[in-house]
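*Asks:* just need the structure, nothing else, for what follows:
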Amino acid sequence: ALLSARRAHAAPPSRNSAAPQQEPIRVEVDLVGVLASVVDKTNRPIVDLPKDAFQVYDEGKLQNITLFEAETHQPIDLAMMVDESMSTALDAPTERNAAARFFQKVVRPNDGVAFFTFSDEVVERVNFTDNVPKLQQALRNTKEGAGTALYDAVVLGSQELAKRKSERRRVIVLVTDAGETTSHASFDTARREAIRSDALLYTIILNPVKGESGRNTAGEHAL
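*Replies:* Predicted coordinates for the structure are as follows:
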């Protein structure tokens with residue numbers, strides 16, 4: 001659910017009390033969005049809670065919830081980032097099939113999904129669209145690379161989402177084996193850009209060879 005609490009700050013009154021016409025009172029209103037997810041004891045989402053089931057406090061003071069709506073009703077802007085580095089070669093068909101099904105089931109009219117791949121560098125394959133066949137066709141044209149620019153992928157996805165309209169949901173989905181070898185950006189930069197974009201980040205980590213000697217797990221720990 002998306003809850004918005006309002007904080008109002010009234011401007012000081014005019015010093016000219018003898019003015020023949022009363023000056024308008026200007027009030028600054030801060031509308032702060034709060035994302036909330038509720039699950040039951042079996043970890044299943046509870047989706048039908050009313051507004052009265054929530055309370056929002058700011059520094060111990062109860063705030064007024066001025067807007068209350070299920071976030072799933074809002075259009076979504078989503079950056080799908082698929083790892084095509086050499087280490088994911090064995091799972092590449094699984095990646096593509098899963099992403100194709102994801103596009104088919106999730107994307108609705110007026111949603112915006114951008115498709116990126118990353119190996120040595122991050123490449124935008126399709127800009128934000130709700131055209132599912134176009135997204136699925138781009139999946140079939142991916143090419144295997146060498147390194148894994150995981151942090152760069154997070155940075156670019158975050159920056160592209162930050163350009164979108166603020167009233168839309170923002171999501172990054174990373175499909176990767178979580179290696180990190182060739183990024184120009186640091187972990188701190190990637191984290192900062194993700195936070196600044198106000199996006200939710202989901203990761204699907206592939207582990208084709210468990211306990212592999214010399215396996216690079218830096219990206220996995222970062223995620």
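*Asks:* what ranges do the strands span in this protein?
*Replies:* 2-10, 27-35, 56-58, 61-69, 76-83, 112-118, 122-129, 169-176, 200-205 (DSSP state E).
*Asks:* nearest residue to Arg170 other than its sequence neighbours?
*Replies:* Ala199 (3.9 Å; CB to CB, 6 or more residues apart in numbering). To be clear about C-beta, it is placed using only N, CA and C from the backbone, and glycine gets the same treatment.
*Asks:* check what pLDDT the one you found gets.
*Replies:* Confidence at Ala199, expressed as pLDDT, is 88.
*Asks:* now do the contacts for it.
*Replies:* Residues near Ala199 by CB atoms under 8 Å, 6 or more residues apart in numbering: Ala79, Gly157, Ser158, Leu161, Arg170, Val171, Ile172.
*Asks:* Asp130 against Val106, yeah?
*Replies:* No. Counting by CB atoms under 8 Å, Asp130 stays clear of Val106, with 10.5 Å between them.
*Asks:* look at Ala218 and report its pLDDT.
*Replies:* 59.
*Asks:* same question for Ala18.
*Replies:* Ala18 carries a pLDDT value of 54.
*Asks:* ditto for Ala5
*Replies:* 58.
*Asks:* got it, and Thr203?
*Replies:* pLDDT, read off for Thr203, is 86.
*Asks:* list the buried residues for the helix ranked longest in the chain?
*Replies:* When the chain is parsed with DSSP state H, its longest helix is helix 92-106. Within helix 92-106, the residues that count as buried by 16 or more other CB atoms under 10 Å are Ala92, Glu95, Arg96, Ala99, Ala100, Phe102, Phe103.
*Asks:* mind checking how far the fifth one is from Phe115?
*Replies:* Using CB to CB, to the nearest Å, one obtains 11 Å as the distance from Ala100 to Phe115.
*Asks:* anything in contact with each of these two?
*Replies:* The contact lists of Ala100 and Phe115 share Leu139, where a contact means CB under 8 Å, 6+ apart.
*Asks:* which of the buried residues of helix 92-106 sits closest to Asp177?
*Replies:* Glu95 (9.8 Å; CB to CB).
*Asks:* hmm, who's touching stretch 41-49?
*Replies:* So stretch 41-49 is contacted by Ala1, Ser37, Val38, Val39, Asp40, Ala70, Thr72 (CB under 8 Å, 6+ apart).
*Asks:* repeat the analysis, applying 6 Å as the threshold.
*Replies:* Contact with stretch 41-49 is made by Val38, Val39, Asp40, as judged by CB atoms under 6 Å, 6 or more residues apart in numbering.
*Asks:* which ones are touching the nearest residue to Thr181 once chain neighbours are set aside?
*Replies:* Spatial nearest neighbour of Thr181, excluding adjacent residues (CB to CB, 6+ apart): Gly147 at 4.4 Å. The contact partners of Gly147, by CB under 6 Å, 6+ apart, come to Ser119, Asp120, Thr181, Thr182.
*Asks:* what pLDDT, on average, does stretch 83-100 get?
*Replies:* 75.
*Asks:* stretch 119-134 now?
*Replies:* For stretch 119-134, the mean confidence score works out to 92.
*Asks:* quick one: buried residues of that stretch?
*Replies:* Buried, per 16+ other CB under 10 Å, within stretch 119-134: Ser119, Asp120, Val122, Val123, Arg125, Val126, Phe128, Asp130, Val132.
*Asks:* and the spatially closest residue to the fourth one that is not a sequence neighbour, bridged to which residues?
*Replies:* In other words, Val123. Of all residues not flanking Val123 in the chain, Thr117 sits nearest, at 5.4 Å (CB to CB, 6+ apart). Thr117 forms beta bridges with Val82, Val123, as assigned by DSSP bridges.
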